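# Show me the folded form of this:
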Amino acid sequence: MNSAGVLEVAAATALTSREIAAVLDNPSRVSVAVLGDFCLDVYWMIDPAGAETSLETGLMTQAVGNQKYSPGGAGNVVMNLLALEVSRIFPIGVVGDDPFGRELTRLLDHPQVDRRGLIVQPQGWDTHSYIKPHENGKELNRIDFGNFNKLDSQTAEKVLACLEEMLPHVSVVLINHQALGSLHNSPEFRAGLDAVIQRNPRVCFIVDSRGFHAAYPGAVHKLNAAEVLRESGRESVSEKNISLDELAGCAKELYAKWKSPLVVTRAENGCLVFDGGDPKQFFGVQLPGRTDPVGAGDTFVSALAAIVATGSNLAAAAFVANLAAAVTAQKLFQTGTASPAEVLELGAHAEYVYRPELAATPRNACYFEQTELEIVAEPPRSLAIRHAIFDHDGTISTLREGWEEIMEPMMQHAILGEKYDSADAALFQRATTRVKDFIDRTTGIQTIAQMHGLVELVEEFGCVPEGRILDAAAYKQIFNNDLKALVSCRLGKLTSGQLSIDDFTIKGSVPFLQALANAGVKLHLASGTDDADVKEEAARLGYASLFTGGIHGSVGDVTRDAKKIVLERIMAEIGGVSGQLVTFGDGPVEMRETVKHRGYTAGVASDEVRRFGMNYKKRARLIRSGAMAVIPDFSQWELLWKFLRLPDKNERYALPPV
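The predicted model follows:
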């Protein structure tokens, strides 16, 4: 608790790839039971080309061009457990005596699935089925079956008897509740299930419920933010308007009330874990491209159960479950699953979304000694900076200010092709929105990597015939030609004396670089701009010689990102010792890569037009990318020097020989 009595939530350390692999190595040796609402997801893809007028009614028909059926609800949990390679799975629930029930049971037919626990109730029960018509990529009104189900006492007894029979064979039971007309609606069933939980302390019960957590206090509780508020009696409060500390306070109250651990999922913002110690926050994953959250919650709780079943602690299970949910969120038009290989792949390259609440709320900023320097995370006490990495464009130089205004129309033309002038407002707006979002997400990476993304966008929109789509290098050349014309004009004014170096550099950046070099800090310049161009521009602006660690730009190979290469080389040079590295940059890439290498990150939220003052859009992006401090410019560099505990100006670091 802080001095104001507000519960503080510490960010938990991310697991390494090796640790993730170790956690995922054991589910193949465990068994899990899934008790809950077994559903069928039905996807009907409507194709207007097949429509006709009905002879009987005179109305136009809707023709289904393609159809797909997949297990949903507790059924999707079973499929996720299979994808995670769990050895034995025991589904326990109720289906109707109907075609949907038979199809669902058929879809769960697998050598690792024991279906004896799927009880058929012939009367008063329709299999939970959700028909999702889609037309032109858009989901239409859903058609639901099973909302009026009533569980009879005989069926309830059979379900609980099946559970008791299977308990000796499992270490975890996952209790699922997510449907109207659920078996959990029966008070008799809830009381019986709670009694089973109390009688079997050896087994870990994990409950994922939309309204009945209080009925099963002895279980581990997986909730989302809205469910935490509802269970805390705060339904009038929107989850969008509640702070992280307030949410954590509510969860802490529930933990004390139920005396059982809680895992709180927060969609793209990650999750929280309350297990008796200090609350832990696991950050969400930044995902490229389009996402579909359908099924991600099922994947999360499935991974949580599978990993807890192996004996791993709840925090490690939640971290990996968070990655698994992110894998599923990238799978469109399906209630997806995540395999160990997919989770490992994402975990090896995951880009986390750090401190989303602070990023979105400048008024909560904390500043250093009445300065403009915002403290996001205090520098470690061991900080003794020997190396400083600088991004170039927007961090030091403003020669390329306005590149976004050049890239945006260039990408719009590439995507729409010959339809650029004739596209209707909806298509043009959709392309514009996607381009703006893409540029925002990829700021700071190599231009060639952005152009590979552009190729994918062109293919996705389908406005340009396949044979006329250019490759990434060709699109990059078009962009570079336009941008170089702008840079050449500015350099011409610099050469002629019409403008000076101060007109093309962020306020205070050059004096700060000179002071760092004089103090013996080894400077490195790493840029997404082409290698030859960044070297020429640094030389023309007069500070190239200060970068004794080298100037590194893009070499046109997406597998060789300059910033990643420099960081890896520096960490090898200093032996991986933390506390010796700080990175300054205005883009996400350098922030995230430095965090991964345990360095300190200073985001430069620069206004490139004025060359001083805060750009709040950049501030949010930098904090979400892992910035531990944020400055608008280097005008207060002497106070920044004090904050980073750099040596006295009269002292100089004695760098060890390399």
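
# got the contact list for the residue positioned nearest the centre of the chain?
What sits nearest the mean C-alpha location of the chain, by CA atoms, centre = their mean, is Val285, with 2.0 Å. Counting by CB atoms under 8 Å, 6 or more residues apart in numbering, Val285 touches Glu268, Gly270, Asn322, Leu323, Ala326, Leu346, Ala350, Glu351, Tyr352, Val353. Where C-beta positions appear, they are placed from N, C-alpha and C, glycine not excepted.

# ok, 10 Å please
268, 270, 322-323, 325-327, 329-330, 346-347, 349-353 (CB atoms under 10 Å, 6 or more residues apart in numbering).

# swap in Ile501?
Ile501 sits next to Ser397, Leu494, Val510, Arg540, Leu541, Gly542, Tyr543 when contact means CB under 10 Å, 6+ apart.

# Per-residue confidence, the second one, what does it come out as?
Leu494 is assigned a predicted lDDT (pLDDT) of 94.

# list the contacts for the closest residue to Arg266 other than its chain neighbours?
Setting aside the residues directly before and after it, Arg266 is nearest to Ala225 in space (CB to CB, 6 or more residues apart in numbering), at 5.6 Å. By CB under 10 Å, 6+ apart, Ala225 lies in contact with 238-240, 242, 244, 247, 250-251, 264-267, 269, 271-272.

# Which two of those residues have the greatest separation?
Greatest spatial distance among the contacts of Ala225 (CB to CB): Ser238 and Cys271, at 19.4 Å.

# List buried residues within the contacts of Val285.
268, 270, 322-323, 325-327, 329-330, 346-347, 350-353 (16 or more other CB atoms under 10 Å).

# From those residues, pick the one nearest Phe390.
Of all the buried ones among the contacts of Val285, the one sitting nearest Phe390 is Glu351; the distance, using CB to CB, is 21.0 Å.

# returning to that earlier point: by neighbours, which of the contacts of Ile501 wins?
Ser397 (27 neighbours; other CB atoms under 10 Å).

# does that residue really touch Leu541, like I thought?
Yes: with contact defined as CB atoms under 10 Å, Ser397 counts as touching Leu541 (6.1 Å).

# quick one: the residue nearest to the centre of the chain and Val77, what's the gap?
Distance of Val285 to Val77, computed by CB to CB, to the nearest Å: 21 Å.

# same question, Phe643
Using CB to CB, Phe643 is found at 49 Å from Val77.

# Likewise for Ala425?
Distance, Ala425 to Val77, using CB to CB: 43 Å.

# before we move on, what about Glu157?
As for Glu157, its distance to Val77 is 23 Å (criterion: CB to CB).

# and what of Gln62?
Gln62 is 31 Å from Val77, by CB to CB.

# Neighbour count: the two, which is higher?
A direct count of neighbours by other CB under 10 Å for Gln62 and Val77 places Val77 higher, at 31 against 14.

# and that one, helix, strand or coil?
Assigned by DSSP: H, G, I helix; E, B strand; the rest coil, the conformation of Val77 is helix.

# Just the terminal-to-terminal distance for stretch 213-223.
Chord length of stretch 213-223, first to last residue, is 9 Å (CA to CA, to the nearest Å).
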